[in-house]
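S.K.: structural data only, the sequence is not supplied:
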Ligand SMILES: [Zn+2]
């Protein structure tokens, strides 16, 4: 018996995760994300899915980032009848992300004269289909196919999924995104010990993250210098995980007197809600050291100089506050949102510091800023950039090239696993190829970089391009 894998998204690119795994009788879709680049949603995403949606038995969500969930409600209006499985924190985060996204999509549709990708009603119907599954609970979710989730330490609730053909145990695992461990509070990723083939991410397959201590020192020094210049510090941050990690470090640095006590504005209703989900599930889903820390400090993400500004009115007040001040807001790649407004206002000012802490897709405004563009178009306005742009590499929520190689190694027979073949996806082509080459050279194992739409047959020992 065998499994068939088709890569409908995130092959030779980072975003738009969407994979179909078929057994002899059942079909499971893994992730249904949006592809992001120059625009918040690439126009490709409006086309109908390339597979027969009503025949899919189940969708498994690896985690709640938009490039893994952002297209899922579109399944509803294409006749999806199956069930959706994910962890409890991912269910909660998915709900707040999709409720927010549907509003941004409506704005995008109006601006560009595009149809709605999906409606609020589709989101409601989609959320009703979610069934929570615990880590390490094996469950048959499609005829003859079971799933099993493991921790990946990327964001709260993130999981890899192993899919097994119950007739003969042939197994394929898909990693979703793999965390940059150790995190101060997220558990470490778990090795995949029971998959014949593994499809793994490669966002930073060719890059080395900074040391954890160095990254905090860099944050401290950058904040001190920027505060001394008397300017505004802007941080475009993804609402889930990057924001909480920054808040965690700000809270500690301020408590220890390592950085000046300047106001930190969390100017994102979405990030405020995501932080509440972290607080809700922390005692159950954080690693044990963080649970003790939570007990001692009472709160990992809040501190006296933090100001949350959920309403538009509160947000507008930030402009009146004297400098220096720190503003964290979305969108993470500067596609509009409140950060777009602050960038328009403050990037022309040479005392401003813009700190980039996450992956910026090619063509996105954030990537242009990161690459040193002297002008950038934000919200339809041409903005002159005089601000200091700082890129912090160690803050990524993704494992780097060595972390990814460690992850691959842990799945091999010599480490107690049984993986004989890897697929390298969820990365730009250079990064995916670099990782595949290293898996081949350092681990002596076959690694394929699939292209968009490609299908493979997976048996216990072999994979075959179809
Ligand atoms: Zn992610």
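M.R.: Yep, it's here. In this text, all values refer to a predicted model and were calculated from it rather than measured experimentally. Residues are numbered from 1 along each chain as shown.

S.K.: which residue ranges make up each domain of the chain?
M.R.: Segmentation of the chain into domains, based on automatic domain parsing, reads 3-207+397-465, 212-395.

S.K.: okay, and residue 265 sits in which element?
M.R.: Here residue 265 sits within strand 264-266, counting by DSSP states H and E.

S.K.: next, the contact list for the residue nearest to residue 372 when sequence neighbours are not counted, please.
M.R.: Once flanking residues are discounted, residue 372 sits nearest to residue 389: 6.9 Å by Cβ to Cβ, 6 or more residues apart in numbering. (Glycine included, C-beta is placed from N, CA and C.) Going by Cβ atoms under 8 Å, 6 or more residues apart in numbering, residue 389 touches 353-354, 356, 369-370, 372.

S.K.: of those, just say which sits nearest to residue 100.
M.R.: residue 356 (21.6 Å; Cβ to Cβ).

S.K.: counting neighbours, what do you get for the closest one?
M.R.: For residue 356, the count of nearby residues is 23 (other Cβ atoms under 10 Å).

S.K.: ok, what's across the strand from it?
M.R.: Counting by DSSP bridges, residue 356 is bridged to residue 391.

S.K.: not counting the helix or strand of the chain with the lowest mean pLDDT itself, show me its contacts.
M.R.: Lowest on mean pLDDT, DSSP states H and E among the helices and strands of the chain sits helix 288-297, with a mean of 85. With Cβ under 8 Å, 6+ apart as the test, helix 288-297 has contacts from 184-186, 251, 255, 282-283, 286, 300.

S.K.: neighbour count for these - can I get that in a markdown table?
M.R.: Output for the contacts of helix 288-297, formatted as a markdown table (neighbours: other Cβ atoms under 10 Å):
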| residue | neighbour count |
| --- | --- |
| 184 | 17 |
| 185 | 21 |
| 186 | 27 |
| 251 | 20 |
| 255 | 11 |
| 282 | 19 |
| 283 | 11 |
| 286 | 21 |
| 300 | 22 |
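
S.K.: return only those of those found close to the ion.
M.R.: Among the contacts of helix 288-297, proximity to the ion is found for none (Cβ under 5 Å from the ion).

S.K.: so which of those residues belong to helices?
M.R.: Judged by DSSP state H, these include 251, 255, 282-283 as members of helices.

S.K.: rewinding a little: just confirm the residue nearest to residue 372 is within a strand.
M.R.: Yes: assignment of residue 389 by DSSP: H, G, I helix; E, B strand; the rest coil places it within a strand.

S.K.: re the thing from before, and the contacts of helix 288-297, which is closest to the ion?
M.R.: Nearest to the ion among these, counting by Cβ to the ion, is residue 186 at 12.3 Å.

S.K.: now do the same contact list for that closest one.
M.R.: Taking Cβ under 8 Å, 6+ apart, one finds 153-156, 179, 241, 286-287, 290 in contact with residue 186.

S.K.: spell out which parts of the protein neighbour the ion.
M.R.: So the chain meets the ion at 65, 177 (Cβ under 5 Å from the ion).

S.K.: any weak-confidence spans in the chain?
M.R.: Scanning the chain for pLDDT under 70 picks out 38.

S.K.: tell me the angle the helix or strand in which residue 280 is found makes with helix 288-297.
M.R.: Element membership for residue 280, per DSSP H and E: helix 269-285. With axes from the mean of the first three to the mean of the last three Cα atoms, to 10 degrees defining the directions, helix 269-285 sits at 110 degrees from helix 288-297.
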